[in-house]
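Undergrad: Whatever this is, show me its structure:
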Amino acid sequence: MKRNLLTILLTVSAITIAQAQVRPPAGAADTTRRGPGSALGSNVKAQPKPYNQVITDKTLTRKGMITTHKLEDKFFFEIADTTLGRDILVVSRIAKSGADVRAAQGYAGDVIGSTVIRFEKGPNNRIFMRKVSFKTYSPDSTTAMYQSLKNSNIQAIAASFNIAAYTPDKTGSVIDVTDYINSDNDIFYFSSPASKTRFRLGTQLSDRSYIQSMRSFPLNVEISTMKTYSLTAAPSPFGPAAPAMGGGASAGSATIELNTSLVILPKVPMKARYADPRVGYFTVGYTDFDLNPQGVKEIDLIKRWRLEPKPQDLAKYKRGELVEPQKQIVYYIDPATPKKWVPYLIAGVNDWAKAFEKAGFKNAVVAKEAPTFAQDSTWSIDDARHSAIVYKPSEIANASGPSISDPRSGEIMESHINWFHNVQSLVHDWYMIQTAATDPRARKMVFSDELMGDLIRFVSSHEVGHTLGLLHNYGSSSTVPVENLRNKKWVEENGHTPSIMDYARFNYVAQPEDNITAKGLYPRIGDYDRWAIEWGYKYFPDTKTPGDEVERLNKAVIESAKNRRLWFGTESNPDDPHSQNEDLGDNAMKASDYGIKNLKVILPNLPAWTKESNEGYDNLSNMYGQLTTQFGRYMGHVAKNVGGIYENPKMVEQAGLVYERTPAATQKEAMDFLNRQLFTTPKWLLNQSILDNIDQNPLEVVAKLQGSTLNRLLSNSTLGKLVAAEAADGSTAYKITDLFTDLNGSIFTELKSNSAIDVYRRNLQKAYVEKLIAIVKPAPAPTATNAILVGRGGASSGLTASQSDVMSVVKGQLRDLDNRIKSAATSQADSLSKYHLLDLTDRIESALDSKKD
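TA: Sure thing, here's the model as predicted:
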């Protein structure tokens, strides 16, 4: 799902370890508990009290990784000496948020901070808490570089605490953490001012903030706090921020519940695996000073669970027999989940077990129902030993698969998949709009439990894939020939995309006459997913370091390249037409033509299929919007071919080019499609009986669809890439002048025939001319808005429009248009058409008039 489903896709799973030293913010509560008369930073030695005077018989105690105590309004950590010096991962999330914060995209489950800390004993009966960075790192403690780095990268002391008492056996220390946890610090809460700004949160209001609870478990401590912050003003359309009422910076306050997890990391990190750009995994990283003898090397490690054979099964594993791992990956289903959906969520997890057999493990992953309180009163969903699919009765139409991992090795420690109730509306709308022409079950607003269950299963598998370490594979669907998607036997056997990690949703190419069943319409765990799990989780008992594995893993990827279905297409390349979300097939033009045929079947039936007794037309309005959005997706899939650059990551042992420009014939095919399906007004979309029931302006429907496509085609990025393609490929390139020839031929056909221009075409022509004018005379902005992007991934060439051929070509196009429009206007019989043409020539001449600059 989109990092909205993603979404939300995202980022959520990659952990960044900050380096900056941390000091308590000005005005924050004192973070150190001191004896009477002592002062922070003074040389007065704190005097611990007897244990039973600090931890009395009135104290609520919870034993665990760090034993926690609550006495009235005070909270204490009891830290065993064996825990001192251990790396502890701190992850902070929003647990609950109000409407004001949600409006700023702050939802339950959002990560707001992560770092690693260590507790250590200091002088004068103090416990220091250091903030630990692995940004620069030497994994091998036996090297001289390890000690040099250690000396050059002293870890910042983020806070210090007086030891309130020693444990009776003198093997542990008790510290009062009340003030620190009540403060607004960047270790346990928001990791930076920018992370708070994202949610419009300002200063913590201490009188309205408090600690709710602390719970200790064998591997983790969970801290729940209620925090109230001043709420900053919303951004203004006229500037960075709108002035608050009364002229101040505050716009009220917002209260949110935060959850902070302290998870102890393994004493010995898991053997890491280096990332490979040809296989899509989330990563953690650091700068290594050992690998490159003449410099440094940036290292990325994949995120994955620790799967290793049991010692007694190692010989079997080496022989290629399937064995069970030492520790199974278990996902618990939140008891709050509606019972009817539990089997489908479980199935979505268990579907991955077969994939792990490729890596040599059987029963590697499983889902179970969480025990009820009556069954096990000690079980908690917050225990870091338990990964879970957490059901959230929320209006959010989403799901997300975050995980927390060891930054030293990439080992995934646990995951809490967020399952929002309203994700059902999301999958309903997708399935109806993409398959209702072929699946009669999709022709209503409330699906059967069986159908909705199947859709829940697919989303469950997708999100679990993220928590196994897998990135989206937006390129997977492009490996499938379009016609195969209509071949009943083939698509039901192989699925419509080789990866469930793709955003390929459902088979919208299949036509009613193909008689394809649900098996050929749904996504499933496919060839790429099984290959990626094998590559990431295959255990090599004969290797000691990740470097020892590189050669064999590289050979495995090179061998996999013989099968295009195992290809990984990143989600982050804006230039590659093969890597797109929501698309299908190896040819966007053919796939989109089939998709539009199905939309034409669905549209006239929407009034009947969305009708519910005693309801208005909200369903119809929503689904009409979904249909036009789907149509817009098809236009985007096609338009990305213009100026496209294919990316095929390779190592030096592989033949072929990494970057290849989309063939000129394919770009021409894309422009012909856009002329036929979009610039020729798609009046079939404008069902007036529908529009009149949902108060929708047909002109706006068409203008929005055409405008967004024009924006892409005439963007600085696209035009710049076309100029660069001509420089590289010469006469064989699809050139910037070819683009304008095709656009002018599509948008101004009436000039040649001297026919009347209807209102839709007049609006299109105005929009086109205005976009050209905007290139010649860009609106003033604080930053350059006319930079030409000719490289991949948004890399700027450093050229502005005025420094490149773009400005010359656009001015030439405007002059040519001006001459043609003037000529056509003199003989145009239709008065509205004539007024329109005269208006256009006035606009063009004004834009080209240097005296007005």
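Undergrad: For the longest strand along the chain, enumerate its sheet partners and note whether each is parallel or antiparallel.
TA: Scanning the chain for the longest strand, with DSSP state E as the assignment, gives strand 250-264. Partners of strand 250-264 in the sheet, by DSSP bridges, are strand 88-96 (antiparallel), strand 220-232 (antiparallel).
Undergrad: Dump these into TSV; add distance to Glu463, mean neighbour count and mean pLDDT as well.
TA: In this view, the C-beta of every residue, glycine as well, is placed from N, C-alpha and C. Listed next are the strands paired with strand 250-264 as TSV, based on distance: least, Cβ to Cβ, whole Å; neighbours: other Cβ atoms under 10 Å; pLDDT from 0 to 100:
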stretch	distance to Glu463	mean neighbour count	mean pLDDT
strand 88-96	16	21	87
strand 220-232	22	21	91
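Undergrad: want to throw the ones you listed into TSV with distance to Ile396?
TA: Shown next, in TSV, are these (distance: least, Cβ to Cβ, whole Å):
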stretch	distance to Ile396
strand 88-96	12
strand 220-232	20
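Undergrad: right, so of those strands, which gets closest to Tyr332?
TA: strand 220-232 (15.3 Å; Cβ to Cβ).
Undergrad: what's the distance between the closest one and the middle of its chain?
TA: Averaging C-alpha positions (Cα atoms, centre = their mean, to the nearest Å) puts strand 220-232 24 Å from its chain's average.
Undergrad: again with stretch 544-560
TA: Chain-centre distance of stretch 544-560: 28 Å, with Cα atoms, centre = their mean.
Undergrad: same deal with stretch 650-664?
TA: Relative to the centre of its chain, stretch 650-664 is centred 27 Å away, using Cα atoms, centre = their mean.
Undergrad: Please apply the same query to stretch 113-128.
TA: Offset of stretch 113-128 from its chain centre (Cα atoms, centre = their mean): 34 Å.
Undergrad: So what's the residue count around Val296?
TA: 12 (other Cβ atoms under 10 Å).
Undergrad: ok, the residue nearest to Ile187 when sequence neighbours are not counted to Glu120 distance?
TA: Leaving out its chain neighbours, the residue that sits closest to Ile187 by Cβ to Cβ, 6 or more residues apart in numbering is Ala158, at 5.4 Å. With distances taken as Cβ to Cβ, to the nearest Å, Ala158 is found 12 Å from Glu120.
Undergrad: So between the two, which is more surrounded?
TA: Comparing Ala158 with Glu120 by neighbour count (other Cβ under 10 Å), the higher total belongs to Ala158, at 23 against 15.
Undergrad: Lys135 versus the more buried one, what's the distance?
TA: 16 Å.
Undergrad: Please apply the same query to Gln813.
TA: Separation of Gln813 from Lys135 (Cβ to Cβ): 49 Å.
Undergrad: Looking at those two, which is more packed in?
TA: A side-by-side neighbour count of Gln813 and Lys135, using other Cβ under 10 Å, places Gln813 first with 23 against 13.
Undergrad: who's in contact with that one?
TA: Residues in contact with Gln813 (Cβ atoms under 8 Å, 6 or more residues apart in numbering) are 740, 744, 772.
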